[in-house]
Every structure is written in structure tokens, then in C-alpha cells.
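In: Quick check, what structure comes out for this input:
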Amino acid sequence: MDINFNKNEDFNKLQLSALKRKLVNVYKGGGEKRTEKHKGNGKLTARERIDYLFDTNSDSIEIGALAGEEMYQEHGGCPSGGVIVKIGYIKGKQCIVVANDATVKAGAWFPITGKKNLRAQEISMENKLPIIYLVDSAGVYLPMQDEIFPDKEHFGRIFRNNAVMSSMGITQIAAVMGSCVAGGAYLPIMSDETIIVDKTGSIFLAGSYLVKAAIGENIDNETLGGATAHCEISGVADYKAKDDTDALDKIKSIVDKIGDYDKAGFNRIKTVNPIENPEDIFGILPATRTDQYNMLEIIKRLVDNSEIEEYKKDYGKTIICGYARIEGWAVGIVANQRKVVKNANKEMQFGGVIYSDSADKATRFIANCNQKKIPLVFLQDVTGFMVGSKSEHGGIIKDGAKMVNAVSNSVVPKFTVVIGNSYGAGNYAMCGKAYDPRLIVAWPSARLAVMGGEQASKVLLQIETASLKNKGEEITKEKEQKILEHIQQKYDTQTSPYYAAARLWTDGVINPLDTRKWIGMGIEAANHAPIEKQFNLGIIQV
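Out: Numbering: from 1, shown residues only. Next up is the predicted model:
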């Protein structure tokens with residue numbers, strides 16, 4: 001091992017430690033006091049409920065663990081968006097679970113809470129996965145109601161999705177384990193089956209205080225909408241549970257009897273671990289985002305038996321395309337090459353940049369994977385498409401458009417891992433969030449932005465100083481440096497993988513060593529949904 005490997009390893013493992021520290025804080029939810037009060041009412045926490053529901057010692061992945069990170073500070077924060085979303089196994093069946101965290105503002109819905117719930121439903125619909133709702137929520141967070149209530153992708157979309165999912169034959173089970181009020185009361189009732197916990201669960205459009213104010217009726221919440229009322233009088237709920245564990249046991253029993261699903265038929269054989277040590281990733285990945293490294297060495301530590309069959313190996317060298325297996329599943333890999341390479345004509349090509357030949361190669365490879373029904377895995381470390389007169393006159397926009405077209409129209413499931421840079425149109429061509437990856441995650445080393453920090457800072461500095469000069473201000477070298485430092489600090493914050501994860505631009509920041517699990521479980525989920533469309537590129541310029 002050389003000195004650079006050791007330096008990289010130290011840096012990247014410190015980055016991983018920072019991620020783990022963030023997650024430890026997130027897992028505390030609303031804090032110890034609120035958790036104690038919650039458990040004092042005889043309830044399990046949201047995370048304990050999910051752990052009890054999932055099969056012992058089975059794999060799971062958490063969607064949006066960092067949602068809401070450092071957002072809504074003026075409202076006391078919203079760890080994990082106030083809702084826990086996990087994909088895991090119940091009685092051997094892969095399911096997605098959505099659990100309100102009542103220790104965070106009584107489970108109230110912030111804007112990011114709505115976005116995260118919609119993301120969970122999107123995953124369920126795309127993959128036809130059974131979805132379990134563990135309801136314990138006070139409803140919309142009223143101080144921010146204008147950002148969560150009326151728009152197309154707001155609160156009401158949840159119930160619209162309930163109806164659509166039901167028509168698609170997707171199993172939906174709800175357990176009301178606490179408050180379920182106002183518009184939120186429709187969610188469990190629009191599910192296939194509803195369980196309510198006696199004495200702690202309640203469902204009503206308006207609570208006792210509002211009923212008193214609206215129509216003058218005196219009634220307590222339990223009589224108004226508790227388990228007895230809804231299981232014996234209204235018929236709103238299907239099962240009464242004596243406590244949380246009883247409710248969760250009923251869910252397990254229901255899931256256990258669900259029939260098998262029609263499979264998409266993606267190719268899988270027995271899993272083989274990589275020959276190359278995955279831990280080496282920390283030493284290979286450079287500490288500085290502008291430094292070179294060989295992406296092929298990363299790939300060898302992610303794929304089964306460290307084997308990849310490269311497609312057009314000696315053409316379009318700034319993108320690696322190839323067939324491999326991850327957790328036994330056949331995959332097509334599209335990855336940015338981060339080392340400077342030479343063409344046959346000795347022309348230098350810069351790592352992380354997409355050239356016309358690379359875009360052409362990737363387009364053809366994506367089409368091949370669609371024809372062969374092979375899921376696609378994108379490994380992003382891209383600074384964008386090549387610029388300059390030679391590239392423009394050579395049709396880089398046209399070739400880039402072909403690649404974007406292929407990614408957009410791909411019918412096989414796509415999975416995206418942001419390893420390093422994810423800049424500009426490179427983010428789009430390499431299947432960024434806008435291009436419907438089934439799952440998209442980032443490593444702690446990731447950066448997401450419209451352009452690199454150094455270039456962006458210089459452009460923003462020019463705009464800022466020009467504006468100040470127009471106002472008659474004199475810009476000294478010292479003032480210019482202060483402005484530049486402020487811009488760089490702000491830009492660095494906004495390009496952080498945590499900034500992206502907080503806003504659900506990605507499904508999370510993950511340990512690189514968990515990448516195989518995420519992709520493996522992701523393809524298993526995708527295998528629930530047979531491909532119903534033909535791959536068609538539409539009209540493209542040749």
C-alpha cells in the first residue's frame with residue numbers, strides 16, 4: 001500500500017464516522033424525554049415497531065433516514081422527517097413499512113414528511129411491494145399548512161395514491177397505534193385492512209375539542225373514535241389489538257398468507273462475494289474530489305467475484321460499461337472513469353468528463369440492457385459533458401441528448417450510486433433523481449451541484465461584485481476575498497451529500513460497504529413488477 005492509499009483511507013473512514021454520528025442522533029427521534037413519555041403510554045417507538053415487525057436477523061434498508069436534516073430549526077427540527085421508512089422482510093416477504101414517529105412533534109406532518117411518504121408510496125407502486133402503515137400522527141403541522149396541504153405533491157396525494165395502489169392490486173395494511181386525525185384518518189380506511197390498538201389508537205375527522213367548538217357536543221376521544229367505537233359501532237376498523245405487539249403480530253399473520261407475486265424475471269444465480277477486498281474502497285477513493293483514480297478498481301470491489309465483462313472496452317474510455325453480477329443479480333454497469341485516458345490517436349481525455357464517444361457507447365449499452373432485460377446500475381463521478389469548440393462542432397449536445405434519451409426511456413429498473421461528483425447535465429445523463437432510478441444513494445464522498453465549486457464560486461463572485469459596483473461600492477482585494485469565501489462556504493454546504501439527503505434528492509447517504517445490499521434488495525423489489533412497456537428511444541438525431 002502506498003502513502004496516498006493510507007491518506008485516502010484515513011480521510012474516507014473519518015467521513016464514514018461522521019455519517020455514523022449523524023445517524024446515531026437521527027435515531028434518537030424527538031429525544032430522550034419525548035421517547036420516555038411515549039413509552040410511558042405503553043407504546044413502542046416507531047423504530048421498535050419496525051424491528052419487531054421484520055424477520056429476525058434479516059436485511060433491511062432505510063429510505064430517507066437523513067430527511068429533514070438541519071431543516072425547520074426555527075420549529076425545533078424534524079429528525080428523519082418525522083416518519084421512518086424501511087424495506088425489509090415480514091414472514092419472508094419483502095415489504096415497505098412507513099411508521100410515524102410520534103416523538104417528533106406528535107408525528108405531525110411537515111412538508112418533508114409528506115414528500116417522504118410519497119417517496120415510500122412511489123417505491124411501492126414502481127415495485128408492486130406490499131406497504132404497511134404504522135399510524136401515530138397528529139396530522140398536518142399547522143404552522144406550515146400552506147406548504148403541505150393544497151398542492152399536487154402535498155398531503156392529499158397520499159390518499160389519491162392509496163386509491164391508485166388499491167386498483168393496482170398492491171397490498172396495503174394499516175395499524176392505528178396512536179392518533180389518526182382529520183384528513184389523515186382516510187389513510188387507514190383506504191388501506192385493504194385496518195388494525196386499531198385499544199385505548200391508544202383513535203380515528204376521527206375532528207377530535208373532542210373541535211367537536212365541542214363546532215357543534216357543542218361533549219364527548220371524550222375514546223368514545224368518539226377509539227378501538228371499541230370503530231370495531232363495534234362504525235365498522236371503520238377490521239381488527240382490535242390489545243397493544244402494539246398484538247397489532248404487529250396481526251400484521252405478520254396477514255402478510256404470511258399473501259400469495260406469491262408475478263416476477264419480472266431478472267436473471268439471478270448464487271451470490272459470490274468480491275475477490276478483491278471491499279474495504280480497499282476507502283484507500284482507492286481520493287480525499288480530493290479533483291484527483292484521479294481508476295473506477296474499475298471500485299467496481300471490482302462491488303461486483304460478484306470481482307468480474308466485469310467490459311463493453312467496447314477501448315472506445316469511449318471516460319465511461320465504463322459492462323455486464324456483471326451483484327448479489328447474484330445480473331446487472332449492466334454504467335460508470336464514469338475518473339482517470340485521464342488516451343485515445344488511439346493519443347488525444348488526452350479528462351476523467352469524469354463525458355465525451356461524444358463515451359455518450360454514444362453508453363447509449364448503445366443501455367439499449368442492449370433493455371433488450372436483454374438486465375437492470376442498470378449507474379456509478380456517478382461526473383463533472384459534466386466536454387465543452388469547447390471541438391466538442392460543440394463534433395455534436396456533443398446531440399450525443400449527450402441520445403444518452404439522456406436512452407436513460408429516460410429505459411424500461412428496466414435503474415439504480416444510481418453517487419460516488420463522487422454529480423455535476424450539471426452529467427447528473428442527468430447518469431440517471432440522477434429526475435430520471436426515475438428505483439433507488440438513488442450517495443456515499444459520504446459525493447457532491448451534487450450544477451457545476452464544480454471552484455467554477456461556480458468564480459461565476460457567482462463576478463455576478464456579486466458587478467452588482468455591488470453598479471451600486472457604487474468600491475471592491476477591494478480584501479472585500480473580494482471575503483465575498484469569495486462566503487460564496488464558497490455556502491456552495492460547499494449546498495453541494496454536500498447531507499444537504500441532498502435532507503431534501504430527499506437521494507434516498508440516503510450510505511456506507512460504501514452497504515452498496516451491494518442496497519442494489520441487491522433493490523433488484524429483488526423490482527422483480528415484483530413485470531415490465532409492461534417496450535423500450536423505444538423515440539425520435540433522436542443520428
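
In: list the helices and strands the longest helix along the chain packs on?
Out: Assignment by DSSP state H gives helix 3-26 as the longest helix of the chain. Judged by 3 or more CB pairs under 8 Å, 6 or more residues apart in numbering; DSSP states H and E, helix 3-26 is in contact with helix 281-284. To be clear about C-beta, it is placed using only N, CA and C from the backbone, and glycine gets the same treatment.

In: Alpha carbons only: can I get the helix it packs on in PDB?
Out: This file holds the C-alpha atoms of helix 281-284, laid out as PDB (Å, rounded to 0.1, in the frame of the first residue of the first chain):
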ATOM      1  CA  ILE A 281     -12.600   1.300  -1.500                       C
ATOM      2  CA  PHE A 282     -11.600   3.700   1.300                       C
ATOM      3  CA  GLY A 283      -8.000   3.700   0.200                       C
ATOM      4  CA  ILE A 284      -8.700   3.900  -3.600                       C
END
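
In: if you average pLDDT over it, what comes out?
Out: Mean per-residue pLDDT for helix 281-284: 98.

In: same deal with stretch 173-184?
Out: On average, stretch 173-184 scores 88.

In: ok so, going back, show me what secondary structure element comes after the longest helix of the chain.
Out: Once helix 3-26 ends, the next helix or strand along the chain (criterion: DSSP states H and E) is helix 32-40.

In: for that following helix, the distance to its chain's centre please.
Out: The gap between where helix 32-40 is centred and where its chain is centred comes out at 29 Å by CA atoms, centre = their mean, to the nearest Å.

In: Double-check Tyr27 against Arg47; I have them as touching.
Out: Yes - counting by CB atoms under 8 Å, Tyr27 touches Arg47, with 6.7 Å between them.

In: The two: which is more packed in?
Out: Neighbours were counted for Tyr27 and for Arg47 using other CB atoms under 10 Å; Arg47 has more, 18 against 14.

In: surely that one meets Val85?
Out: No - using CB under 8 Å, Arg47 and Val85 do not qualify as a contacting pair, with a distance of 11.4 Å.

In: where do the contact lists of the two overlap?
Out: Residues touching both Arg47 and Val85 (CB atoms under 8 Å, 6 or more residues apart in numbering) are Ala99.

In: how about Tyr155, what does it touch?
Out: I think there's a mix-up here, since residue 155 is Phe and not Tyr. Contacts of Phe155 (CB under 8 Å, 6+ apart): Trp109, Gly114, Val140, Ile148, Phe149, Gly183.

In: Next, find the distance separating it from Leu187.
Out: Going from Phe155 to Leu187 by CB to CB, to the nearest Å gives 10 Å.

In: Equivalent analysis for Ile251, please.
Out: 15 Å.

In: what's the answer for Ala237, then?
Out: Ala237 is 13 Å from Leu187, by CB to CB.

In: just checking, what packs against the lowest-mean-pLDDT helix or strand in the chain?
Out: In the chain, the helix or strand scored least confidently by mean pLDDT, DSSP states H and E is helix 453-470, which has a mean of 74. Other helices and strands packing on helix 453-470, by 3+ CB pairs under 8 Å, 6+ apart, are helix 477-495.

In: Now do the buried residues in the helix it packs on.
Out: Ile483, Leu484, Ile487, Gln488, Tyr491, Thr495 (16 or more other CB atoms under 10 Å).

In: so who does the closest residue to the second one other than its chain neighbours touch?
Out: Of all residues not flanking Leu484 in the chain, Leu461 sits nearest, at 5.1 Å (CB to CB, 6 or more residues apart in numbering). With contacts taken as CB under 8 Å, 6+ apart, Leu461 has the following neighbours: Glu480, Ile483, Leu484, Ile487.

In: Next one: Leu461 from Gln481, what distance?
Out: Computed as CB to CB, the Leu461 to Gln481 distance reads 10 Å.

In: All the helices of the stretch 101-250 of the chain, residue numbers only.
Out: Counting by DSSP state H, counting those that start in this stretch, the stretch 101-250 of the chain has these helices, from start to end: 111-127, 156-167, 186-189, 208-215, 221-225, 227-228, 244-256.

In: Ala174 is nearest to which of those helices?
Out: With distances scored as CB to CB, the stretch of the helices of the stretch 101-250 of the chain nearest to Ala174 is helix 186-189 (3.5 Å).

In: and the closest one, what does it pack onto?
Out: strand 131-137, helix 156-167, strand 172-181.
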